Structure formats: structure tokens, C-alpha cells
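Colleague: Pasting the sequence and the predicted model now:
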Amino acid sequence: MISSARVECLQGNIVLQEDIGIVVNAANAELRPGGGVAGALHRAAGPELDKACRPLAPIAPGQAVITDAFELPNQYVIHCLGPVYGVDSPADELLAACYYNALRLAQWEEVDSIAFPSISTGAFRYPTTEAARIALSTVIQHLPEFPRIERVRFVLFDTATSELYQRTLASFNEA
């Protein structure tokens, strides 16, 4: 089965995705504010996000949980704990599980659009090239299972990562 969903990669700020129903947080196990994506989302959502996360923690690598988005312009935030590269294994399967489990939650909530960051490539040191391949292949492979999802956006913070994801996506479209 082929999905008609649109997959896009762009440089931007994940907290500013006003046309997307769900944004994904590259969370820590305790679902607490921190640096990077988690810090940005928690700051933009306000203190209610931290309060909503506390009873859901801790989560394990590959797991995803969902909360309201509070002051963000989205309906929900899905919090995924990616693997720490070289520590959590099998890292590729755990990273793929983040994307799959987030798609599953989006489908469950009947939301038609979701935005992902590059999970695990910051403080968790996952090689970005490999992370992009896993993220995009997982999403493309599994989108047909989630017919409610019409758009998947990868929001990448810097130019180099955005271009890498765009090239990786193009290679899947050519195959």
C-alpha cells in the first residue's frame, strides 16, 4: 500500500509550526525541560507542560507519550526518548521505534499532521547521516499504516542538517 501523505524537510524552529497538529519533543527520560528541542518546547508551552509530563516519566528509549501542547500553537506534543548512541542498543531499532510510536499516537488522536526534530542527534550523539536515513525510511515505510496522517514535516535547526535530510528524502523518492 502506498501513502498519499506528504513528507517534507525544512530548516526552522519546531516551536513555530503553527500549521501542524502535533510537534515531537526529543525528550529526556524524565520528560523535563532541558536544552535543545526539549528546552525550547517547554519554554514555549509554559509551565503546564512540565506538570503534565511528570506523571508520565520516566520513559524508556524508543517510547513515546503524548500531552496537550498548552501555549504552543499545536494540539499535542509527543515526547520521544531516543537512544544515546553507543550506550542504548540496538540503537537503530530504538530510534526507529521513536518515529513509529509517534506516528501511532498521531493516528490514535486523529491528527493529520506531525512535525519531528532530528531525534538523538544532539546531546545523544547519534550520527546525523544515519539518523536521517532511519527517520525517513521508518516514516516512509510505515505511513501507509496510518491513513489519517496527511503530512509529516522534519523541522531541522541548522542548514547542514536540513540539507542532509532533504538529500536523504530525495534519495528515497528516486529509489
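Modeller: Yep, it's here.
Colleague: going forward, measure contacts between C-alpha atoms and count neighbours the same way
Modeller: OK.
Colleague: for the lengthiest helix in the chain, packing partners?
Modeller: Ranked by residue count, the top helix of the chain under DSSP state H comes out as helix 91-108. Packing contacts for helix 91-108, counted by 3 or more Cα pairs under 8 Å, 6 or more residues apart in numbering; DSSP states H and E, involve strand 64-68, strand 76-80, strand 113-116, helix 128-142.
Colleague: give me the number of residues near Ala170?
Modeller: A total of 11 residues lie near Ala170 under the criterion other Cα atoms under 10 Å.
Colleague: Are we agreed that it is in a helix?
Modeller: Yes: for Ala170, which was evaluated using DSSP: H, G, I helix; E, B strand; the rest coil, the result is membership in a helix.
Colleague: With Leu143 as the reference, measure out to it.
Modeller: According to Cα to Cα, to the nearest Å, Ala170 and Leu143 sit 17 Å apart.
Colleague: same check, this time on Ala64
Modeller: When distance is defined by Cα to Cα, Ala64 is 17 Å away from Leu143.
Colleague: same check, this time on Gln11
Modeller: Spatial separation of Gln11 from Leu143 under the definition Cα to Cα is 22 Å.
Colleague: okay, these two: which has more neighbours?
Modeller: Leu143 (25 against 17).
Colleague: my guess is that one contacts Ala5, does it?
Modeller: Yes: with contact defined as Cα atoms under 8 Å, Leu143 and Ala5 form a contacting pair (7.3 Å).
Colleague: list residues touching both of these two?
Modeller: Each of Ile149 lies in contact with both Leu143 and Ala5 under the rule Cα atoms under 8 Å, 6 or more residues apart in numbering.
Colleague: Tell me who's in contact with the residue nearest to the spatial centre of the chain.
Modeller: A centroid search over the chain (Cα atoms, centre = their mean) returns Phe116, at 3.2 Å, as the residue closest to the centre. When contacts are counted by Cα under 8 Å, 6+ apart, Phe116 touches Ile14, Val23, Val24, Asn25, Val152, Arg153, Phe154, Val155.
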